[in-house]
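**Q** Mind folding the following:
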Amino acid sequence: MTSATLQPTVYSLSPAMQRPTLVLNRNWQPINVARVARALILLWNGSAKVVDPVDYQLFDWSDWSQLVPDRDEPFIQSVRQKFRVPEVIALTKFDQLPTQSVTFSRRNVFKRHKLTCQYCGKQPGGE
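**A** Modelled structure (predicted):
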C-alpha cells in the first residue's frame, strides 16, 4: 500500500460557493459578510430568507430553490437543478447588532491620543 492511497480526499468549494453574501439582521441592518455556503445553510435551516436585490422580495428555501438563474447570473449546480447564488440574506430571528469592542493595546492607545505624549504633549519626531 502506498502513501498516496492513505491520503484523505480534500474537496474544495466551487468559486460560486466562496462568493460573499451580505447578512442582515431581522431589522435589515448589516451585521456580517458570509460565504454563499454558509448563507445556504442558514437558508436551508429556516434561520434566514433571501432578499432579492431587484425588488427586495423575501424568499425562503422552497421559493428560492424554484427560481431559475438567468444566463449571466452566477449559479450553483446540483445533481438535478441549478440554484441562484444569494447576494443578500436576512436573518429571521436575530435582531441585535454584534458587540464590537476595541482591543486595548499600545497601538490603539497611541491612535486614540493621536501619537501625542500625555505627559509632555510632544509628538514623536518633533522637537
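**Q** Quick check on Phe83: phi, psi?
**A** Backbone torsions for Phe83, taken as degrees, to the nearest 10, come to phi -120, psi 140.
**Q** Thought Asp63 was touching it, still the case?
**A** No. Using CB atoms under 8 Å, Phe83 is not in contact with Asp63, being 11.9 Å away. C-betas here are computed from N, CA, C, even on glycine.
**Q** Tell me which residue is most central in the chain.
**A** In the chain, the C-alpha nearest the mean C-alpha coordinate belongs to Ala34, at 1.6 Å (CA atoms, centre = their mean).
**Q** before we move on, back to that, neighbour count for Phe83 and Asp63, which is higher?
**A** Neighbours were tallied for Phe83 and for Asp63 using other CB atoms under 10 Å; the higher tally belongs to Phe83 (20 against 12).
**Q** Pairing partners for the more buried one in the sheet, please.
**A** Beta bridges link Phe83 to Ile76 when assigned by DSSP bridges.
**Q** State the distance from it to Ser65.
**A** Phe83 is 6 Å from Ser65, where distance means CB to CB, to the nearest Å.
**Q** in this protein, which helix or strand is least confident?
**A** Ranking every helix and strand in the chain by mean pLDDT, DSSP states H and E puts helix 3-6 at the bottom, with a mean of 57.
**Q** give the contact list for Thr21.
**A** Residues in contact with Thr21, defined by CB atoms under 8 Å, 6 or more residues apart in numbering, are Val33, Ala34, Arg35, Val36, Arg38, Ala39, Val85, Pro86, Glu87, Val88, Ile89.
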